[in-house]
Structure formats: C-alpha cells, structure tokens
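**Q** Sequence first, predicted model second:
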Amino acid sequence: MNTSQQLDATFAALADPTRRAILARLASGEASVTELVKPFAMTQPAISKHLKVLERAGLISRGRDAQRRPCRLEAKPLGEATGWLDDYRRFWEGSFERLDALLDEMKTREKKRARKKR
C-alpha cells in the first residue's frame, strides 16, 4: 500500500465514531472481541466488521493466545496521518502569525493617526 492509499485507509477507518472508540480502548491495552463489544449496543458480528476495517487500514493487529484472539493498536498509520496533518498545522500557524503581525501593524497605524488628530 503506498502512502496515499495508507492515508485514505486510515482516514476512512477513523471516519466512524465506533472505530475511533475501539482505537481509544485499545490504546490502553489489548482486548478480545468479546471485551470490545461490551460498551457498545452492537452485536459481535457488527464489531467484527469494524475490526476488519481497522485491520485492513493497519490500525490494529490480531494475535492468537490459545482460544483468545486479542486485538492490539498499531500506531504507525496514525503517526503517518499525524505527519501529514502537521504540514497543514504549520501552514495555519504561519497564516495566523502573519495575521497577528498585520493586526499589530494596523493597530500601530491607528494609534499614530489618533495622535495626529489631537
């Protein structure tokens, strides 16, 4: 999967609030499907569908521990998405800094005009 496809898969998986809640739960440690179903008013097959989307996006992995198949958070795709978003954060921070500088300049000009009128 190339970077663009990975970002598409990551953001598509994150678009659903149930999947975001599952990731938040897994951030505190691995859990089985049965454990992940508990806080939701959903069936186990419904949660399993969400887990498949998360797994295809690389956001979770499933292990095997005897009869238990624990799910684990895989943070790398989230790091890549964060890196992509950081470029835009820097853009907006720069834009706000330029806007602040312009507003300061306008206030200074206004104060000078006000003094001249006196």
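**A** Arrived safely.
**Q** what's residue 58 in contact with, if anything?
**A** Counting by C-beta atoms under 8 Å, 6 or more residues apart in numbering, residue 58 touches 1, 6, 9-10, 74, 76-77. All C-beta spots, glycine's among them, are computed from the backbone N, C-alpha and C.
**Q** Assign a three-state SS to it, would you?
**A** Recorded secondary structure, residue 58: coil (DSSP: H, G, I helix; E, B strand; the rest coil).
**Q** Ramachandran coordinates for it?
**A** Main-chain dihedrals, residue 58, degrees, to the nearest 10: phi 80, psi 10.
**Q** What of residue 61?
**A** Backbone phi and psi, for residue 61 under degrees, to the nearest 10, turn out to be phi -130, psi 160.
**Q** Next one: it, what pLDDT does it get?
**A** Note for residue 61: predicted pLDDT of 95.
**Q** separation between it and residue 99?
**A** Residue 61 sits 44 Å away from residue 99, going by C-beta to C-beta, to the nearest Å.
**Q** Settle it for me: which of those two has more neighbours?
**A** residue 61 (13 against 10; other C-beta atoms under 10 Å).
**Q** Surely the more buried one and residue 75 touch.
**A** No: using C-beta atoms under 8 Å, residue 61 makes no contact with residue 75, being 10.9 Å away.
**Q** Could I get the full set of strands for this protein?
**A** Counting by DSSP state E, the chain has strands at residues 60-62, 71-73.
**Q** Tell me which of the ones you listed lies nearest to residue 25.
**A** strand 71-73 (8.9 Å; C-beta to C-beta).
**Q** distance between the closest one and the chain's centre?
**A** 16 Å (C-alpha atoms, centre = their mean, to the nearest Å).
**Q** repeat for stretch 1-9
**A** 15 Å.
**Q** cool, stretch 2-16 as well?
**A** Averaging C-alpha positions (C-alpha atoms, centre = their mean) puts stretch 2-16 10 Å from its chain's average.
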